[in-house]
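> Sequence plus the predicted model coming up.
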Amino acid sequence: MEGKTILVTGGAGYIGSHTVRLLAEKKYKVIVVDNLVYGHEEAILDKNVKLVKANIADGKAMTTLFSENKIDAVLHFAAYAYVGESVKDPAKYYLNNVAAPLSLIEIMRAYNCNNFIFSSTCASYGNPVRLPIDENHPQDPINPYGQSKLMLEKILKDYGPAYNLNYFFLRYFNASGASKDGLIGEDHDPETHLIPLVIEAAKGTRGPVTVFGTDYDTPDGTCIRDYIHVEDLGRAHILALEHLLNGKGSAICNLGTGKGCSVKEVIETVEKVTGLKVPVKFGPRREGDPALLVSDPSAAKNILGWVAEYQDLSAIIETAWKWHNGKKSGKYTPKSKSINAI
Ligand SMILES: NC(=O)c1ccc[n+]([C@@H]2O[C@H](COP(=O)([O-])OP(=O)(O)OC[C@H]3O[C@@H](n4cnc5c(N)ncnc54)[C@H](O)[C@@H]3O)[C@@H](O)[C@H]2O)c1
Ligand SMILES: O=c1ccn([C@@H]2O[C@H](COP(=O)(O)OP(=O)(O)O[C@H]3O[C@H](CO)[C@H](O)[C@H](O)[C@H]3O)[C@@H](O)[C@H]2O)c(=O)[nH]1
């Protein structure tokens, strides 16, 4: 597969930048398109990766990109992903997470690019009716963010046979951690995810972390999630890409460890890994949070031969901790690379 040209939308973001690094290591020719609304140019570490600073909805820029490059596959990470914001401003989510990729897919069709790997989410399942959640679990999202992801899945299922478009839906559970060497990591602004908030509370760079609800029907009363390491996600993307490039056809996989950890366990683990006390406040439930979300990751094992390497929350948090410290010491600095801004 060496030398194939892969377009990565949202490749300057958290999960995208880790995947871009793995793709470049595997000698794929990588082009990132990112409008940097949330991404970081300096998170693209490989100097051979070309960054196109553009919105995927910009038809002119995308047509130029496809006319100048023979793209073999698209890895589509670009999206908005703030659940609470999606409730307050659903239009923003349907426009960016459904309309924008549809416009990109039209250009893919015009240039006969027929492999599309899509960052979907466990939020597309809504409140679980059974656990662990397998890919056939009913999809009934409870917020516009999850709806927007499910809508694109449904559209792609229609496009697949009609337009000879191969798709791979990767439904991630809770992305977490940072690269093993601590050079890139989770850098959302605003940050809403639990692990970085707990680490920053431990370091004192942010106030106490608020535990959203202690009265859930779980062993310690706090919500349980399936935390999956970002480099495990990146590896799964490479395997899904190879699956499509080898002509094995469209598929759908959950990406998780299959194990759940509670909010209290996350806090305790951060304390153990950092040796610091985490200041904690206990607050009410956050609207729209299911008590338990845990994956059945067996399809990814069967279809891709993928199993999460990071099975242990401490190991995941150790990488996040290393990244947070490196960031402060200035390791996270721009690297030289060719940039083709349209
Ligand atoms: N983080 C998680 O736990 C999680 C879980 C499930 C699914 N996902 C999905 O994975 C993907 C990546 O998530 P992330 O946490 O890395 O998010 P992120 O915000 O760090 O990355 C998204 C990137 O897309 C870019 N972008 C957004 N809209 C764009 C547009 N119209 N044109 C060009 N670039 C655009 C942003 O600038 C950003 O760099 C998203 O699709 C998200 O919905 C994330
Ligand atoms: O300050 C905080 C932040 C989070 N939590 C809790 O920690 C758990 C994890 O919350 P995150 O916000 O880190 O992650 P979510 O489970 O809400 O979100 C993740 O899963 C979603 C699907 O439910 C989406 O896919 C989303 O993109 C992805 O980040 C939840 O129980 C939440 O209630 C707190 O107690 N306090």
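Arrived safely. Ligands and ions are numbered 1, 2, ... in the order given.

> Do the host helix or strand of residue 233 and ligand 1 come into contact?
If you go by DSSP states H and E, residue 233 is part of helix 230-245. No: for a cut-off given as CB under 6 Å from any ligand atom, helix 230-245 has no contacts with ligand 1; the smallest distance is 8.2 Å. C-beta coordinates here come from the backbone N, C-alpha and C atoms, glycine included.

> close to ligand 2, is that helix?
No: judged by CB under 6 Å from any ligand atom, helix 230-245 stays clear of ligand 2, getting no closer than 11.5 Å.

> would you put the C-alpha positions of the following helix or strand past that helix in CSV?
Reading on from helix 230-245 to the C-terminus, the next helix or strand found by DSSP H and E is strand 251-255. In CSV, the C-alpha atoms belonging to strand 251-255 read as follows (Å, rounded to 0.1, in the frame of the first residue of the first chain):
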residue,chain,number,x,y,z
ALA,A,251,-17.7,-2.7,7.0
ILE,A,252,-18.6,-1.4,10.4
CYS,A,253,-16.6,-1.8,13.6
ASN,A,254,-16.8,-0.5,17.2
LEU,A,255,-13.5,0.6,18.6
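
> packing partners for strand 251-255?
Applying 3 or more CB pairs under 8 Å, 6 or more residues apart in numbering; DSSP states H and E, we find strand 251-255 packed against strand 166-172, helix 230-245, helix 298-304.

> One more pass at 6 Å, please.
strand 166-172, helix 298-304 (3 or more CB pairs under 6 Å, 6 or more residues apart in numbering; DSSP states H and E).

> and the last one, which residues are buried?
Okay, so that is helix 298-304. In terms of neighbour count (16 or more other CB atoms under 10 Å), helix 298-304 has its buried residues at 299, 300, 303, 304.

> Contacts for it next, please.
135, 239, 251, 253, 306, 307 (CB atoms under 6 Å, 6 or more residues apart in numbering).

> what's whichever helix or strand comes after that helix in contact with?
Next in sequence after helix 298-304, counting helices and strands by DSSP H and E, comes helix 313-328. Residues from elsewhere that reach helix 313-328 (CB under 6 Å, 6+ apart): 176-178, 182, 185, 195, 199, 227, 229, 261, 269-270, 273-274, 310.

> please redo it, this time with the cut-off set to 7 Å
176-180, 182-183, 185-186, 195-196, 199, 203, 227, 229, 261, 265-266, 269-270, 272-274, 310, 332 (CB atoms under 7 Å, 6 or more residues apart in numbering).

> Please give me every residue in contact with the residue in the stretch 201-342 of the chain that ligand 2 sits nearest to.
Proximity of the stretch 201-342 of the chain to ligand 2 (CB to the nearest ligand atom) peaks at residue 223, 3.0 Å away. Counting by CB under 7 Å, 6+ apart, residue 223 makes contact with 213, 216, 262, 263, 289, 291.
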